[in-house]
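> Here is my input; please provide its structure:
(2 chains)
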There are 2 protein chains.
Amino acid sequence: MPKAKNVLYAQAGGVTAVINASAAAVIETVQKHPETFGKTYAAINGIKGVLEEELVDLSEIDLATLEKLKYQPGAAFKACRFDLDPLEHNPQQYQRVLEVFKHYDIGYFFYNGGNGSMVTAQKVSDYCCEQGHEVICIGVAKTIDNDLALSHCSPGYGSAAKYLATSFIEATIDILSMHDTSTKFFVMEAMGRNVGWLTLAAGLVKEVIPDAPLLLLPAERPFRREAFLKRLEQLVDEKGYCVCMVSEGLQDENGNYVNITAVEHTIEQDYTQLGGVGQVIAKIAADQLDCKTHCAIPDYLQRSASHCVSLTDWEIAYGAGEAAVLAALEGEHGTLPVVVKTSDTPFNWTFESVTLQDVANLELRVPDEFISEDGMDISEAGLNYLLPLIQGEHRPDYRNGLPEVSPIDFMPVKPCLSAFKAVK
Amino acid sequence: MPKAKNVLYAQAGGVTAVINASAAAVIETVQKHPETFGKTYAAINGIKGVLEEELVDLSEIDLATLEKLKYQPGAAFKACRFDLDPLEHNPQQYQRVLEVFKHYDIGYFFYNGGNGSMVTAQKVSDYCCEQGHEVICIGVAKTIDNDLALSHCSPGYGSAAKYLATSFIEATIDILSMHDTSTKFFVMEAMGRNVGWLTLAAGLVKEVIPDAPLLLLPAERPFRREAFLKRLEQLVDEKGYCVCMVSEGLQDENGNYVNITAVEHTIEQDYTQLGGVGQVIAKIAADQLDCKTHCAIPDYLQRSASHCVSLTDWEIAYGAGEAAVLAALEGEHGTLPVVVKTSDTPFNWTFESVTLQDVANLELRVPDEFISEDGMDISEAGLNYLLPLIQGEHRPDYRNGLPEVSPIDFMPVKPCLSAFKAVK
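Next up, the predicted model:
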């Protein structure tokens, strides 16, 4: 029987409200298979923590900490927006990862990140294998944006959608009660870059207020000012007000973002930071209606609202971590377990593996059939897709009136290799 | 024994997450005293609904509706931003109110609004009395801004503070986990116009993350750019990131708002709509630190988040409605029951009446002792003030994954007087 190999888990990219459920699942599932897995480590700050030998040891994690981890917002092991350079540009980085993996006898690498980071993780594992140190690499999916291709949905999306829908519904009740002499147009801005999945979540307002005068501006449709104003005026004429959700990445008919916050120049590419389009839309509406308008931008609140998670999404996120470990046990490498729906009523799902390479450059946009023909509303099919993903609540622990989400301290590993600075 | 007189309840001004608890309290307390009170009506859209004879009859309200009302967000009877003109400018309005009050035999008028609206309510009641129709007028306090003078706190503030603190804490955990390679400065914008009470709520992050690198910019202190940047850089040097809450009404050293959204011109005055200062602050920080920053603007979400109410605040709001009815029973007129703290441990309070005239033109700003000497942090005294107000949670009813806050239909009263259009 071959000696058990150690496990490394790490997080990368934008967090979700349930990313740590996946972490807990990896830890718990690994613990169930001592014949295969040895110690469990996590890197702090993703692959950057591997380079810099900043690790924590999770082998002796106590039950209370594990339970707290399951509903902790943020990335409990810190998530990096840092990727390795291409091998040919910076072989030192790969050699360093190999050095760390060898030293800690890492045989399994579970990377909970975006598509790009997971492909890098696979490359570095491949490199290690080529150098004679076998490392199995499996991805753990997560993104609030829901743009992961080949998957029914992305772990993290359901909770962000539930938070946005809850907030949007409450705000709609507010506007409904005050529009007669105050704000007649309210707009909220959703994240999601070039996909409108989170914008779609506002459509759930119809489940509570069936005739809500709703106007959606998903990123999948160009912003047509005249059509928007026409629909807006029609809704305000009919109902006295209008509530709107807009994608941060809304583009005009020429394919330019309606609004951007900043552009960050990096060596590889320019990174466009989105945000603020809600205020542009509010101003356009105010000018047209000559009335008071308001705009909410929940920003990070939508990806960190652990007080408002969807229990179904939590189970999916937990399942993603568990499935990754099971895939490793099956001898897979370079794969990602994705969500496959197995039944509609009751909603049920399983995980099936796809290769990381296959999903890396795909982006799942909202399909046409989920958006109304005029591009400004959700369809019945869209609602049917969304509803199962936001079911179930988890009441957070409160202490002294506040959610008990104090940062968790894990057992740091004392570095013993030579120092290595990860720089860009 | 004199014949029982009917009751009119109405709502005005910006809503709170618990304003309908006050409404329910008025209804329930009135029901307990049939010897004094006859039917209970509510005006739709505040005093505007009185003018236009748009009323609902709450006398036969069923228990289930009353229970739902208690935790319903928004203003269940619609709240107006509409005030009567001065008597000398528009006596027709006053005559009309008298006509409606006479027709419906209104002897008690409970107005749940801002200071200004409540003074108008008193004036109109005074007018009715002068014309031989006696109407007792009592105010019911509410405002998320917490700027009601002579009161320990305002009903509605505790819930908005709890919502903002919860959101800010979750976002802080998010930034804490990602700042190493991503956003180093996060700012959230709080409502409150010229007072920083809601901004102060971010200070509660210290209860969960004692060493959180917090920077507050309350409206009570002018924005000093150099001091802000110095403190910001110091916090980022020390902790790697900084989280900030700013008042929408932040002013510069010359007393000008740092940012405004729009200016609305009315006959009486120009109304400045605030909002957007968070993005200005984020930009200043981004330029200084040359890093990614983010800004959240919860806007109306902070006053309508019934999924995150403070149970203590709810009890205070319920108590405000109850105290108003009891004050009427005591024969008061033109008064407002305000919150008086009776003990610190356990936190307890009672209601005492002040005259509406006395509080009308006062504004309660955050006292110096609640703000640190440098003006950018909360003091221990500030935390001690805040904590009791956010205690306790109420879990909303969920149906199909969403809060069950569908609008409530009340029994409309069929108008029988001549039509009257309330216009400005």
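
> now stretch A:270-278, how far from the chain's geometric center?
Mean C-alpha position of stretch A:270-278 versus that of the full chain (C-alpha atoms, centre = their mean, to the nearest Å) differs by 17 Å.

> Span of that stretch from start to end?
23 Å (C-alpha to C-alpha, to the nearest Å).

> Any buried residues in that stretch, and which?
For stretch A:270-278, the neighbour count (16 or more other C-beta atoms under 10 Å in any protein chain shown) marks A:Q273, A:L274, A:G275, A:G276, A:V277, A:G278 as buried. Where you see a C-beta, it was placed from the backbone N, CA and C, and this is true even at glycine.

> anything in it near chain B?
Yes - contact between stretch A:270-278 and chain B, assessed by C-beta under 8 Å from any C-beta of the partner chain, occurs at A:Q273, A:G275, A:G276.

> Is it correct that the last one is in contact with A:I260?
Yes - under the criterion of C-beta atoms under 8 Å, A:G276 makes contact with A:I260 at 7.4 Å.

> How many residues are close by A:A160?
For A:A160, the count of nearby residues is 34 (other C-beta atoms under 10 Å in any protein chain shown).

> Export the helix or strand where it lies to CSV, keeping only CA atoms.
In the assignment (DSSP states H and E), A:A160 maps to helix A:157-178. Output of helix A:157-178 as CSV, limited to C-alpha atoms (Å, rounded to 0.1, in the frame of the first residue of the first chain):
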residue,chain,number,x,y,z
TYR,A,157,-24.4,32.3,-7.0
GLY,A,158,-27.5,31.3,-5.1
SER,A,159,-26.6,33.1,-2.0
ALA,A,160,-25.7,36.3,-3.8
ALA,A,161,-28.9,36.0,-5.7
LYS,A,162,-30.9,35.5,-2.5
TYR,A,163,-29.3,38.5,-0.9
LEU,A,164,-29.9,40.7,-3.9
ALA,A,165,-33.5,39.5,-4.3
THR,A,166,-34.2,40.0,-0.5
SER,A,167,-32.7,43.5,-0.6
PHE,A,168,-34.5,44.4,-3.9
ILE,A,169,-37.8,43.2,-2.6
GLU,A,170,-37.5,45.2,0.6
ALA,A,171,-36.5,48.3,-1.3
THR,A,172,-39.4,47.8,-3.7
ILE,A,173,-41.9,47.7,-0.8
ASP,A,174,-40.2,51.0,0.4
ILE,A,175,-40.7,52.7,-3.0
LEU,A,176,-44.2,51.3,-3.4
SER,A,177,-45.1,53.0,-0.1
MET,A,178,-43.5,56.4,-0.9
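
> ok so, going back, sort out which of the residues of stretch A:270-278 next to chain B are in strands and list them.
Of these, the ones assigned to strands by DSSP state E are A:Q273.

> Tabulate the residues of stretch A:270-278 next to chain B in JSON lines, adding columns for pLDDT.
Formatted as JSON lines, the residues of stretch A:270-278 next to chain B follow (pLDDT from 0 to 100):
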{"residue": "A:Q273", "pLDDT": "84"}
{"residue": "A:G275", "pLDDT": "83"}
{"residue": "A:G276", "pLDDT": "90"}
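
> ok, so of the residues of stretch A:270-278 next to chain B, who is nearest B:F77?
A:G276 (35.2 Å; C-beta to C-beta).

> Excluding chain neighbours, give the residue nearest to the closest one in space.
Sequence neighbours aside, A:N259 is the residue nearest to A:G276 in space, at 4.5 Å (criterion: C-beta to C-beta, 6 or more residues apart in numbering or on different chains).

> Quick check: phi and psi at the spatially closest residue to A:A190 that is not a sequence neighbour.
Once flanking residues are discounted, A:A190 sits nearest to A:L198: 3.9 Å by C-beta to C-beta, 6+ apart. Backbone torsions of A:L198, given as degrees, to the nearest 10, read phi -70, psi -30.

> So A:P396 belongs to a helix, correct?
No - going by DSSP: H, G, I helix; E, B strand; the rest coil, the assignment for A:P396 is coil, not a helix.

> residues contacting it?
Residues in contact with A:P396 (C-beta atoms under 8 Å, 6 or more residues apart in numbering or on different chains) are A:Y71, A:S306, A:H307, A:P403, A:E404, A:V405.

> Just give me the neighbour total for the fifth one.
Pointing back at A:E404 there. Under the neighbour criterion other C-beta under 10 Å, A:E404 is assigned a count of 15.

> next one: A:Q92
11.

> measure it to A:H103 for me?
Distance of A:Q92 to A:H103, computed by C-beta to C-beta, to the nearest Å: 16 Å.

> Regarding A:A320, what is its secondary structure?
Reduced to three states by three-state DSSP, A:A320 is helix.

> That one against A:T143, yeah?
No - counting by C-beta under 8 Å, A:A320 sits too far from A:T143 to count as a contact (11.1 Å).

> who touches both of these two?
By C-beta under 8 Å, 6+ apart, the residues touching both A:A320 and A:T143 are A:P155.

> dump the residue contacts of A:A324.
A:S22, A:V26, A:F110, A:I138, A:G139, A:V140, A:L336, A:P337.

> Let me know the pLDDT of the fourth one.
Spelled out, it's A:I138. As predicted, A:I138 sits at a pLDDT of 96.

> I'd say it and A:L329 touch.
No - the pair A:I138 / A:L329 is not scored as a contact, 10.0 Å apart, by C-beta under 8 Å.

> okay, those two: which has more neighbours?
A:I138 (29 against 18).

> Kindly confirm my reading that that one is in a strand.
Yes - the assignment for A:I138 by three-state DSSP puts it in a strand.

> Okay, and the beta partners of it?
Listed beta-bridge partners, A:I138: A:F110, A:T335 (assigned using DSSP bridges).

> which residues touch the most centrally placed residue in chain A?
By C-alpha atoms, centre = their mean, chain A has its centre lying nearest to A:T143, at 1.9 Å. Counting by C-beta under 8 Å, 6+ apart, A:T143 touches A:G13, A:G14, A:T16, A:G114, A:S154, A:P155, A:G156, A:Y157.

> surely the fourth one meets A:Q11?
No - because the distance of 10.5 Å does not satisfy C-beta under 8 Å, A:G114 is recorded as not touching A:Q11.

> Of those two, which one has the most company?
Between A:G114 and A:Q11, A:Q11 has the larger neighbour count (other C-beta under 10 Å), namely 31 against 22.

> Quick one, grab the pLDDT at the more buried one.
Per-residue confidence at A:Q11 stands at 97 (pLDDT).

> May I ask you to confirm that it belongs to a strand?
Yes - when three-state DSSP is applied, A:Q11 is found to be in a strand.

> If you count neighbours, what's buried in stretch A:291-300?
Buried-residue list, stretch A:291-300, by 16+ other C-beta under 10 Å: A:C291, A:K292, A:T293, A:H294, A:C295, A:A296, A:I297, A:P298, A:D299, A:Y300.
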